[in-house]
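Novice: Quick check, what structure comes out for this input:
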Amino acid sequence: MSRVPDLHGEHLWLRELHASDHDTFARILTHRVLTRYLGIDQMNAGQAHDTFTQSLAQPHARPRRKYTLAVCAPDDDTLVGTMGLLVEDYGSNAMLTSLILLPGAPVRGHGHEAGRLLMAYGFGHLGLHRIWAGHRSDHHHMPKVMHAAGLRPEATLRQLFHTQGRWHDVTTYATVAPEWKRQASTTELAILDGAPRLDRV
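Specialist: Reported below is the predicted structural model:
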């Protein structure tokens, strides 16, 4: 089994999914507004259930390529969002995916921190060299999130995916391990280097 340890930041933390997360996870994927900027269309209940089952099984995959984690508020292990990493089949690359936070979640405004924690794990434990992410070009809130995560603009991919009956352009961002490490926090460096935080031992 390839499980990610709990990754604690200043304003939120990430953990592996639990079976008890099903209803909230399904609520996200069946919600018209929460899915409007994703690369997939809003799901029905059956599709959301199947996706949750597949996500729950990710730690058992050999090799593990998909990491869908729960976003939680500090000192509370209730799922209030999701964050993902998809390791590509070639090179040492991965894509950040599926950053979604529930309306009213106490961690709103800190979504970039979820990405940074997962990037520290990717560059450290997974030995990745390059991590990239993208957003629909009309999602005007995301550039500042990408910059806060330590990602820099790269390209616009024209008509990359088709949702809600139309094609969408996607703006991409990326960083590489040596570059990102230079601006990482002490907490992120501890995750990257594999050292436990003293207050979490």
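
Novice: So for this structure, the centremost residue is which one?
Specialist: residue 83 (2.6 Å; C-alpha atoms, centre = their mean).

Novice: Quick check: nearest residue in space to that one, chain neighbours excluded?
Specialist: Spatial nearest neighbour of residue 83, chain neighbours left out: residue 114 (4.1 Å); criterion: C-beta to C-beta, 6 or more residues apart in numbering. Backbone N, C-alpha and C define where each C-beta goes, glycine included.

Novice: ok, what's across the strand from the residue nearest to the centre of the chain?
Specialist: residue 69 (DSSP bridges).

Novice: Is it in contact with residue 13, as I believe?
Specialist: No. Residue 83 is not in contact with residue 13 according to C-beta atoms under 8 Å; the separation is 10.6 Å.

Novice: shared neighbours, these two?
Specialist: 71, 117 (C-beta atoms under 8 Å, 6 or more residues apart in numbering).

Novice: quick revisit: give me the distance between the residue nearest to the centre of the chain and residue 156.
Specialist: Separation of residue 83 from residue 156 (C-beta to C-beta, to the nearest Å) stands at 24 Å.

Novice: do residue 96 as well
Specialist: 17 Å.

Novice: What of residue 147?
Specialist: Residue 147 is 16 Å from residue 156, by C-beta to C-beta.

Novice: right, and residue 31 touches residue 41 too?
Specialist: No. Using C-beta under 8 Å as the test, residue 31 is too far from residue 41 to be in contact (11.9 Å).

Novice: how about the helices in the chain?
Specialist: 22-29, 45-56, 111-124, 142-148, 177-181, 186-193 (DSSP state H).
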